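>>> Take this sequence and fold it.
(chains A and B)
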Amino acid sequence: MNRQRVRTVQQAINRRQFLGRGAMFGGAVMLSPALLAACGSDDDDKPGSSSTSAGRSSTGDLLVSNWPLYIDPTEDGVTGSIDLFKEASGIDVTYNEDYNDNNEFFAKIQPDLAAGNAIEPDIIAPTFWLVARLISLGWLDKLPLDLIPNAANLVSSLQKPSWDPTGEYSLPWQSGMTGIAYNIDVTGRELDSVDDLFDPAFKGKIGMLTEMRDTLGLTLLSVGKDPNTITFDDAADAFDKLEKAKNDGQIRQFTGNDYQDDLIAGNFAACVAWSGDVAQLALDTPSLRFVIPDEGGMQWSDCMVIPKGADSIVEAAKFMDYVYDPVNAARIAAYVGYNSPVAGVQDELRASDDPAVAALADSALMFPDDATLGRLKVFKSLSDDEEAQFDERFSSITTG
Amino acid sequence: MARGGEDRNQRKGTWQPYAMLAPGMLWLLLFFLVPMLILLRYALSEPTDRFSGKYELTFRFANFTDAIGDFGSQFLRSFAYAGIATVLCIVLGYPLAYFIATKGGRYKNLLLGLVVVPFFTSYLVRTIAWTTIMGDNGPLLAISDGLSLTGLLDALKITTNGGMLQTQTAVIGGLTYNFLPFMVLPIYVSLEKIDLRLLDAAKDLYSTPRRAFWKVIFPLSLPGVFAGTLLTFIPASGDFVNAQFLGGPNQQMIGNVIQNQFFKLNDFATAAALSFVLMFIITVAVLVYARLFGTDELSV
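The predicted model follows:
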């Protein structure tokens, strides 16, 4: 699920697009897990761990792996959150934007974690369903919540969520909505239904996401099934619908975050999309719209977790505490345009001196109303066997 | 030559050729044979469970038949795309190599340099560039629309619904573009070696230029064509980059399937089996091809 800033200049767009592509290359060219692991970070030297008074490991440095462009950078004379955190805490943090795809990242860390070895990052930000898998595999350490007082700012709707029932393993980084993005110049009309994606008038002009829970989730809603309680057998209609659309040439491409490029270029008339992306792209391309379709939309969260055996637990806690301060969370939210999980962000934005930032407090995409929230579904937490069935069927459609 | 050989054998021990071979052999052993055996082990194994990353060697040969059964259409598509791209490379590359070799004159090196210039850019960047060129609002379609050719191109199945990106045309075009230098260079080398006085001899024997080309030049350049074909067809068959960026879900090649099995589905057994099936088919195809061409002196 890709990210971007809300306020931008054309230069930033170009850079983001470039990075987005770069992210795809990274995934595309890496041919072995060992190679993948080797590319994870250039921060190889982990000095021997020393214990703190709390008995938790600490090395004084911190390595964070997050999705590309998911935090405000230092640029154009404005200091970004990472550098501000460095100043405030004195912690030497290395922030890598090497998390490009859930399945790919999992494939990259799996050999080490399965063998009981620690991986290099101290914080990673998988999407909620992968958090659930990592918890069930026992590959995460519990968060030192006593060192993260600001965790109390977590909005109530995300406390003890379905993927982390005790709330001990994860803190959401950002949440977002999956709906339909469209370019009104190409469609020639407003869209309001998932079935618009299957309209033959847009044949060969429709994009869908490789993230199964988003693409299949919307399709399930369009055939009247609830993604929150779905079984593999019940999903047959939706899979068939997708497969037929693929075979008919209705679906032009299954993409990752680079759907934005095709949307801006006019290659896609409409596509399955993430809310934060469109909120921002529309600033430069006013013909772009985002809608939660009548049938409903999907809701997701990417969560900060600590991989098992990470050696900078204390620093990781300080970082989490920092980004859960509403002031800092508001700065990040203003850049990425997603739904911040931190209470008080809306007030912080509204209080901003910058009218453009203050206006974000009224953004329906960043702060959806209750009616919209009521139409959002979270994809069911699938068991291993179920997930294997879903993944296999879905990939048989995406790789024709 | 025989004399020199005898001298060398008498003067020096027989271990030297092996010593010269050793680094290469060691390299192949460590980075080709050993990984191949590891891959073979995966291909015959079953995962103990989905995420443990552990595989049990059960000699499950059904992995291979499953691979062919489940992904037969992608195999066929890959070989069809690679085959068409190879033929296009010969059609485009041979005249180019011929021109450079015979008419290049003092610009020969410059022209060869131009053929190689694309390699100065990353393979991926070159491929991505085509997404812009072939995009719905890109220059290629703008030209064909401007010339009112899009209807004709649609009828010829070169474009689909007036679009080019995410079609067969785009994938085959991308393969052809990316592998063209691998065809041009070996053909050039074999043409370069031909003694042009043979053409004079053919003329003296009352041959027309056309006949001289087909009877003299072309047969002598076949080793280059053969080498170029291998250098183009083999990597094109296993390519996944062009299909990923220029193709749509109906144009995915076997390389995309293997990548997906390895890095999305974590199914190493199926991915390894697919890789072996791909290697096997390519090996057989190359052997048949070599036999048909029947040229023994393929040491280009």
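
>>> Where does pLDDT dip in the chain?
Using chain A here. Applying pLDDT under 70 to chain A flags residues A:1-57, A:59.

>>> try chain B instead
Counting by pLDDT under 70, chain B shows low-confidence ranges at B:1-13, B:294-300.

>>> which residues are there in it that come within reach of chain A?
Proximity of chain B to chain A (CB under 8 Å from any CB of the partner chain) is limited to residues B:49-54, B:70, B:73-74, B:124, B:128, B:131-132, B:135-138, B:160-161, B:163, B:165-166, B:240-241, B:244, B:248-252, B:256-257, B:259-260, B:262-266. Bear in mind the C-beta positions are built from the backbone N, C-alpha and C, glycine included.

>>> which SS class is A:Phe232?
coil (DSSP: H, G, I helix; E, B strand; the rest coil).

>>> and chain A, what are its domains?
Domain segmentation of chain A under automatic domain parsing yields A:10-40+A:47-175+A:300-362, A:176-299+A:376-398.

>>> and of those domains, who's closest to B:Phe64?
domain A:176-299+A:376-398 (18.2 Å; CB to CB).

>>> how much space between B:Val117 and B:Asn242?
Distance, B:Val117 to B:Asn242, by CB to CB, to the nearest Å: 19 Å.

>>> Next up, the contacts around whichever residue of the stretch 51-200 of chain B sits closest to chain A.
Of all residues in the stretch 51-200 of chain B, B:Gly53 sits closest to chain A, at 4.0 Å by CB to the nearest CB. The contact partners of B:Gly53, by CB atoms under 8 Å, 6 or more residues apart in numbering or on different chains, come to A:110-111, A:114-115, B:266.

>>> and the host helix or strand of A:Lys241, C-alpha only, in PDB?
Assigned by DSSP states H and E, A:Lys241 belongs to helix A:236-247. Presented in PDB, the C-alpha positions along helix A:236-247 are these (Å, rounded to 0.1, in the frame of the first residue of the first chain):
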ATOM      1  CA  ALA A 236     -16.000 -18.700  -5.900                       C
ATOM      2  CA  ASP A 237     -18.400 -16.200  -7.500                       C
ATOM      3  CA  ALA A 238     -16.100 -13.300  -7.000                       C
ATOM      4  CA  PHE A 239     -13.000 -15.200  -8.200                       C
ATOM      5  CA  ASP A 240     -15.000 -16.300 -11.300                       C
ATOM      6  CA  LYS A 241     -16.000 -12.700 -11.900                       C
ATOM      7  CA  LEU A 242     -12.400 -11.600 -11.700                       C
ATOM      8  CA  GLU A 243     -11.200 -14.400 -13.900                       C
ATOM      9  CA  LYS A 244     -13.700 -13.700 -16.600                       C
ATOM     10  CA  ALA A 245     -12.800 -10.000 -16.500                       C
ATOM     11  CA  LYS A 246      -9.200 -10.900 -16.800                       C
ATOM     12  CA  ASN A 247      -9.800 -13.300 -19.700                       C
END
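
>>> Can you confirm whether the following helix or strand past that helix lies near chain B?
As assigned by DSSP H and E, the chain's next helix or strand after helix A:236-247 is strand A:251-255. Yes. Contact of strand A:251-255 with chain B (CB under 8 Å from any CB) involves A:251-254.

>>> now those in JSON lines, with neighbour count?
Converted to JSON lines, those look like this (neighbours: other CB atoms under 10 Å in any protein chain shown):
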{"residue": "A:Ile251", "neighbour count": "30"}
{"residue": "A:Arg252", "neighbour count": "28"}
{"residue": "A:Gln253", "neighbour count": "24"}
{"residue": "A:Phe254", "neighbour count": "25"}
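
>>> Of all pairs in those, which one is the farthest apart?
A:Arg252 and A:Phe254 (9.0 Å).

>>> For the stretch 51-200 of chain A, what lies in contact range of chain B?
So the stretch 51-200 of chain A meets chain B at A:103-104, A:106-107, A:110-111, A:114-115, A:133, A:137 (CB under 8 Å from any CB).
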